[in-house]
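A.B. asks: I would like to see how this sequence folds:
(2 chains)
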Number of protein chains: 2
Amino acid sequence: MDVLPYINEHKKRFLDELFEVLRIPSVSADPKFRDNVIEAAEFMKKKLQEAGADHVTLIETEGFPVVYGDKIIDPALPTVLVYGHYDVQPADPYELWETPPFEPVIRNEKIYARGSCDDKGQVYMHVKAFETMMKTNSLPCNIKFMIEGEEEVGSSHLNDFLRQNKERLKADVVLVSDTSMIANDCPSITIGLRGLSYNEVEVTGANRDLHSGVYGGAVGNPINVLARMIASLKDENFRITIPGFYDDVIEYTAEERAEMAKRPFSLDDYKAELGISDIEGEAGYTTIERATIRPCLDCNGIWGGYTGAGAKTVLPSKAFAKISMRLVPNQSSEKITELFKKHFLSIAPPSVSVKVTPHHGGEPVVTPTDSIAFAAANKAMEQTFGKKAIPTFEGGSIPVIASFENILGLKSILLGFGLDTDALHSPNEHYGLFNFYKGIETIPYFYKYFAELSGSRAPVSQ
Amino acid sequence: MDVLPYINEHKKRFLDELFEVLRIPSVSADPKFRDNVIEAAEFMKKKLQEAGADHVTLIETEGFPVVYGDKIIDPALPTVLVYGHYDVQPADPYELWETPPFEPVIRNEKIYARGSCDDKGQVYMHVKAFETMMKTNSLPCNIKFMIEGEEEVGSSHLNDFLRQNKERLKADVVLVSDTSMIANDCPSITIGLRGLSYNEVEVTGANRDLHSGVYGGAVGNPINVLARMIASLKDENFRITIPGFYDDVIEYTAEERAEMAKRPFSLDDYKAELGISDIEGEAGYTTIERATIRPCLDCNGIWGGYTGAGAKTVLPSKAFAKISMRLVPNQSSEKITELFKKHFLSIAPPSVSVKVTPHHGGEPVVTPTDSIAFAAANKAMEQTFGKKAIPTFEGGSIPVIASFENILGLKSILLGFGLDTDALHSPNEHYGLFNFYKGIETIPYFYKYFAELSGSRAPVSQ
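C.D. replies: Residues are numbered from 1 along each chain as shown, chains lettered A, B, ... in the order given. As a prediction, the model looks like this:
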């Protein structure tokens, strides 16, 4: 197998095509971008067709459609289901972008645009790797694509989709590039992901905004009360105080933690890159552990009262916050959401009323490291990076991974090529040209080794 | 003196004129209403002229102009300086108004509009009381008007104005209607006001918004940190924890507090009117005390992170809050602002950086109750309400009152006709028709008694 000549010959066009889809503001969270989300789906459909996929179609859901396409070269061969998403996070705050989020540019060998890494850049590597294998007659196994449009809003219709399309999605493994590596010279494969419980809280005091002179000091102020409630959710060791929160958390042995600590990491570089003087987090754990194998609680947004210029002496009637928790095996999103809701309501003082509205959640994931697919991913990485990949836990969430297992009975391989510093979900998101092309080069080797290693085993029948 | 026939004859026109100025959105805080603020000043100028004032002019300041006008009937008589303001608070949130804030209407015998009470409605009573005395030849002393346009943004240019116009503003007392009474059947005169220290704080974590999965649990989240810092500003007894904060607070004796407690007050009515299940405030003090003779700390606004619809899994780079403190005698606004700033910076953890920006402040006030002017106000109230007024402390701030004393050497009389429930600074601000007309009726008696009681004393020379 030698895919590099084809990739090198077409690398300019591959990038032009990626730019084309990056220009589409497919923000699934915001109804005003509805048409753009559909446009991005149509783009993916067209490109899968051009690359040589069969049965390419947009499968409707109650939300945005799933782009499906496949190439079954021989029902006797194993089948890989490629998953990715064509939707992106909101780009605000726009004013913090150095160049507009939906006008991709190259700076310092990196592609700057919303979605450049998460996940358009990464999913498009798969489309182009598929094209490369098709055009060079080197596709060694069957392939199915499912590219969804609601990952950034919790994949809320995907479980129904999986249930309704079990037959069509039959495969041996799911391959996903929506995670990161340690560094460009330090390849890694993600073996664990955190889950998520995302909630919105509303604290109401008086039935109207009040004059802060007339009422200040005598009535509960929803902002102060909300601040107090949020502050009380962690103790002085930054342990979360919700009763039962840690009950199901897997504690790793000293040996396992020592193994994880071998991953290269410089706290000084970490702080310098983020521009912070110091870190903060749960006592007794390292920074990497805090961000991967430990659960956490963060406010993602807060608002209430007067937020305009100057001074308005008001006690607001309401204050709001978005509060999310990242979960680890074996916490359950549903259970934690219930515990959070119950606890948050219980700590509300009688001076206010409190409402808790759960948004989306997702289950934490651990992928097996003793599978053929994992071995194939390892070999592919070693082939193109020239060194062995390190297995890593990652802090983000891809809720659908748990669904693949629960609904389709499929394990996933999390073969990501991004970097933690790519500013995912942030202004100035970017993706290295190195990473984009290295992904297109590495993916075909995964298929090659997966087919080879699967040789003696019976694949699913197509 | 019998002013009622004239007032009754013209009451419809008085109200029409008030409606006219209420229709002008003279929001001093918002630059987009600049022309409207000037328009309101011009309106007051025209109406003072029509009422018979001399030397009516707009005196320029570095901000909005002060409307000045006077009537010196005899330099040997005492002189009253009437103070009020023609600017109003911002009307947002607009969506909570039952009828638009700048389209005054009468509902249930009340005028609904931004500024209907604070302070256009109250200042206009003085203009119409003046007209009434002029037209009925009953003005018993000299009168000077100064109506400013920056009260709602901290009267920041008024001290310069007072210094530059000391001669022009010479008087024996300042008369102000910008406060409230206990109830329509329970007249009161305000003898104390709280001061103000208003600050904006900015908490910065990482140099960019971060993906909450990748970084959550490992770095300081500015929202969580801000919540923690705000929560720590009060202890479990709702005492403010800023070192030195209470050092200069006047503690009242048991006898004085017993006297204050005679003021009619129903906690059940108070809670019902606000729609709250319970109050909260400093341990050891009553609700009225908490709202008047005790200082307090409140967040007037808070914002940071994602505040749109749905879920965005972001750790924001920054979070902000507006934090103000109401001050009581003998606290100093400047000193408390310094203490706040120093303390707030000192409690910032090393995971964030914090900036504190003071907005405007104002000094607390106590007015004398043994003066001729206070006696005159008492007699005027008794005359028109048929019962004695109760002296009360009020929770709001009128920073200029301290300046009258410090710069002009003048004490003030706080003869307000509003009610605490008039929704000042809130949506659906209103002012009773009873209160508007009762004010116009009462004010001339203040002049009458003030002139009579001053008879034997030498007034300032004009």
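
A.B. asks: Can you tell me the element the nearest residue to A:Lys47 once chain neighbours are set aside falls in?
C.D. replies: Distances taken as C-beta to C-beta, 6 or more residues apart in numbering or on different chains put A:Val127 closest to A:Lys47, at 5.3 Å, once the chain neighbours are dropped. The C-beta positions use only the backbone N, C-alpha and C, and glycine is treated the same way. According to DSSP states H and E, A:Val127 maps onto helix A:120-135.

A.B. asks: for that helix, what is the average pLDDT?
C.D. replies: Throughout helix A:120-135, pLDDT has a mean value of 98.

A.B. asks: Figure out how far the helix or strand just after it is from the centre of its chain.
C.D. replies: Elements were assigned by DSSP H and E; along the chain past helix A:120-135, the next helix or strand is strand A:142-148. Here the centre of strand A:142-148 is set off from its chain's centre by 18 Å, with C-alpha atoms, centre = their mean, to the nearest Å.

A.B. asks: Contacts for strand A:142-148, please.
C.D. replies: A:41, A:44, A:48, A:53, A:64, A:66-75, A:77-87, A:123, A:126-127, A:130, A:155, A:158, A:161, A:168-169, A:171, A:400, A:447, A:459, A:462 (C-beta atoms under 8 Å, 6 or more residues apart in numbering or on different chains).

A.B. asks: Can you flag which of those belong to strands?
C.D. replies: Mapping these onto strands (DSSP state E) picks out A:66-71, A:79-85.

A.B. asks: List just the nearest of those to chain B.
C.D. replies: Relative to chain B, the closest of these is A:His85; by C-beta to the nearest C-beta it sits at 14.0 Å.

A.B. asks: So what's the residue count around the closest one?
C.D. replies: 31 (other C-beta atoms under 10 Å in any protein chain shown).

A.B. asks: Look up the closest residue to it, ignoring the ones flanking it.
C.D. replies: Closest to A:His85 by C-beta to C-beta, 6+ apart is A:Glu151, at 3.5 Å.

A.B. asks: Could you do A:Pro399 as well?
C.D. replies: A:Gly362 (2.6 Å).

A.B. asks: can you pull up the bridge partners for that neighbour?
C.D. replies: A:Leu196 (DSSP bridges).

A.B. asks: Against which helices or strands is the helix holding A:Val127 packed?
C.D. replies: Applying 3 or more C-beta pairs under 8 Å, 6 or more residues apart in numbering or on different chains; DSSP states H and E, we find helix A:120-135 packed against helix A:4-22, helix A:34-51, strand A:79-85, strand A:142-148, helix A:433-454.

A.B. asks: So which of those is nearest B:Leu345?
C.D. replies: Closest to B:Leu345 of these, according to C-beta to C-beta: helix A:433-454, at 41.2 Å.

A.B. asks: now check the closest one, is it near chain B?
C.D. replies: No - judged by C-beta under 8 Å from any C-beta of the partner chain, helix A:433-454 stays clear of chain B, getting no closer than 15.7 Å.

A.B. asks: Buried residues in that helix, which are they?
C.D. replies: Within helix A:433-454, the residues scored as buried using 16 or more other C-beta atoms under 10 Å in any protein chain shown are A:433, A:435-451, A:453-454.

A.B. asks: and what of stretch A:60-68?
C.D. replies: For stretch A:60-68, by 16+ other C-beta under 10 Å, it's A:Thr61, A:Gly63, A:Phe64, A:Pro65, A:Val66, A:Val67, A:Tyr68.

A.B. asks: just stretch A:406-415 next, same as before
C.D. replies: Neighbour-count burial for stretch A:406-415, counted by 16+ other C-beta under 10 Å, picks out A:Ile407, A:Leu408, A:Leu410, A:Lys411, A:Ser412, A:Ile413, A:Leu414, A:Leu415.

A.B. asks: Keep only those of these that are in strands.
C.D. replies: Counting by DSSP E, these contribute A:Ser412, A:Ile413, A:Leu414 to strands.

A.B. asks: Closest to chain B out of those residues?
C.D. replies: A:Leu414 (12.9 Å).

A.B. asks: Please name the residues that touch that closest one.
C.D. replies: With contact taken as C-beta under 8 Å, 6+ apart, A:Leu414 is in contact with A:Val176, A:Ser177, A:Asp178, A:Thr179, A:Ile189, A:Thr190, A:Ile191, A:Leu193, A:Thr367, A:Glu394, A:Ile398, A:Ile401.

A.B. asks: same thing but at 7 Å, please
C.D. replies: By C-beta atoms under 7 Å, 6 or more residues apart in numbering or on different chains, A:Leu414 lies in contact with A:Val176, A:Thr179, A:Ile189, A:Thr190, A:Thr367.
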